[in-house]
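Student: Here is my input, please return the structure:
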Amino acid sequence: MARLPRFRKEFILAACTLILATAISSISCSLYRLAQYKSPEQVVRLRKEKELKSSNGVVGSQPNHAVTGEKSIATGAYEMRMNQDFEGAIALLKSAIESDPNDAHARFELARIEFYTAMPPWFGGLGRAEKLIRKALKLDPTNERYHYWAGYIAGYRGIYFIHFFRLLKVTFEIKRAAKAFECAVALKPDFHAARLSLIQVLASTPAFLGGNGKRAKEHAEVLQRMDPVLGAEAACKAMEDPTPERKLEIWRALLEDHDTDPRIYMEIGQIYLSSAENLELVDRADYLEKALQNLSKAEELDPNSTKNLFKLARCYRLLGEHKTEIAYYEKILALEPTPPVHVQQKALRGLRGANMKIGNIARAEELAKTVKELTPYLCLVDNYDEWLLPP
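Tutor: Presented below is the predicted three-dimensional model:
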């Protein structure tokens, strides 16, 4: 067998050494970052210590704006963001952090802006968001909102890394997301959004990447005792084989004692609607009829639910009744008080698509211009309500 030239041997050895060093560095960095996120037991203990100091008259590093009546800089930046002045909000927050490096509120709100403008995640900004939220947690590890958003950001970073088959990174991000959500619910047991997110992460992720179906079911049972409707949603998320039939069984059983809750009819309607979208056109009719029946009942019980109105618009789009679809988008835009910008944008985009379908090209182009002027960023997250929460 011919021997490899000496320089080729050295080159291969150097390349292998570099790859190994890079892998070790990446693992070390991920382990260090994971270790920086405190455990649920630690944050609960820190919360108790903080409350004890507060009762003894010891003031923490963060000003209590609720007591002083002063509007925090982060709240002001949040209002600017909601008015789509992202550049102004970023400048204000960076100035605040420069003046006071210990302002956790400012770092939290800046992290949310970085995350928002990074959607979808491969457009950049997620790394900056993660660093900011990690620093905010270091300054105030007892804030359940910070933990919730740390989990949210880590979850999306996991999605980002899975696109590049970086499974080790995905595992660390999933573990960080689960740890952050667990801290959030440990600090605030009725933080239902955090518990639902935790269940989603644990149940939908394979075990070798950090998922844990057993823990997901345990949290679903806790939520079911707190709120039967959210418990049903959690049970559907925690299912090992979440077929439409099994989901319908859970929601229909709930109707026996909660037949006036619009959320149940909306969820049943959504199951039929999702099933219809996965079928050929000739097989959709029965599913769409049942979806429409349940979504209409939800509208009767809660006529101003934007989530349900969007589902009804989608249902009529699949039925090919675009004029009725348009009517629902216009109803959303006419709601009082005026819907948030994210909701307006979603309705305007739907309105544009429906006008294209009926051949009203001029109106569609006009709507496209309105959407672009409304905000330069597209929110691709369905639970847009989370963006509306002030710091």
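Student: Check the offset of stretch 346-359 from the chain's centre.
Tutor: Computed by C-alpha atoms, centre = their mean, to the nearest Å, the chain-centroid distance of stretch 346-359 equals 26 Å.
Student: Contacts for that stretch next, please.
Tutor: Contact with stretch 346-359 is made by 310, 313, 317, 322-323, 325-326, 329-330, 332-333, 339, 361, 363-364, 367-368, 370-371, 374, 379, 384, as judged by C-beta atoms under 8 Å, 6 or more residues apart in numbering. (C-beta placed from N, C-alpha, C; glycine too.)
Student: so where's the stretch 51-200 of the chain shaky on pLDDT?
Tutor: For the stretch 51-200 of the chain, applying pLDDT under 70 flags the ranges 56-71, 118-124, 163-165.
Student: any chance you could read off phi and psi for the one residue sitting closest to the centre of the chain?
Tutor: Centre of the chain computed as the mean C-alpha position; nearest residue by C-alpha atoms, centre = their mean is Tyr152, 5.7 Å away. Tyr152 adopts backbone torsions of phi -60, psi -50, taken as degrees, to the nearest 10.
Student: can you start the count at 554 instead of 1 from here on
Tutor: All set: I'll call the first residue 554, so the last point we hit is now Tyr705.
Student: The closest residue to it other than its chain neighbours sits in which helix or strand?
Tutor: Nearest residue to Tyr705, sequence neighbours excluded (C-beta to C-beta, 6 or more residues apart in numbering): Ser750, at 7.0 Å. Per DSSP states H and E, Ser750 falls inside helix 745-757.
Student: Rounded mean pLDDT for the following helix or strand past that helix, please.
Tutor: Downstream of helix 745-757, the first helix or strand assigned by DSSP H and E is helix 766-779. Across helix 766-779, the average pLDDT comes to 94.
Student: And the residue nearest to Tyr705, how close does it get to Leu740?
Tutor: Taking C-beta to C-beta, to the nearest Å as the measure, Ser750 falls 14 Å from Leu740.
Student: And for Glu889?
Tutor: Distance from Glu889 to Leu740, by C-beta to C-beta: 35 Å.
Student: With neighbour numbers in mind, choose between these two.
Tutor: Leu740 (22 against 6; other C-beta atoms under 10 Å).
Student: for that one, what are its contacts?
Tutor: So Leu740 contacts Val596, Val597, Arg600, Thr695, Asn696, Glu697, His700 (C-beta under 8 Å, 6+ apart).
Student: wait, which of those residues is closest to Glu833?
Tutor: Taking C-beta to C-beta as the measure, Glu833 lies nearest His700 of the contacts of Leu740, at 44.6 Å.
Student: what about dumping the CA coordinates of the helix or strand harbouring that closest one to CSV?
Tutor: Here His700, judged by DSSP H and E, is contained in helix 697-715. Provided in CSV are the C-alpha atoms of helix 697-715 (Å, rounded to 0.1, in the frame of the first residue of the first chain):
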residue,chain,number,x,y,z
GLU,A,697,-41.1,34.8,35.7
ARG,A,698,-41.6,36.8,32.6
TYR,A,699,-37.8,36.8,31.9
HIS,A,700,-37.7,33.1,32.3
TYR,A,701,-40.6,32.6,30.0
TRP,A,702,-39.0,34.6,27.2
ALA,A,703,-35.7,32.9,27.8
GLY,A,704,-37.5,29.6,27.1
TYR,A,705,-39.2,31.2,24.1
ILE,A,706,-35.9,32.4,22.6
ALA,A,707,-34.2,29.1,23.3
GLY,A,708,-37.0,27.2,21.6
TYR,A,709,-36.6,29.2,18.4
ARG,A,710,-32.8,28.8,18.5
GLY,A,711,-33.4,25.0,18.7
ILE,A,712,-35.6,25.3,15.5
TYR,A,713,-32.8,27.4,13.9
PHE,A,714,-30.1,24.8,14.7
ILE,A,715,-32.2,21.8,13.6
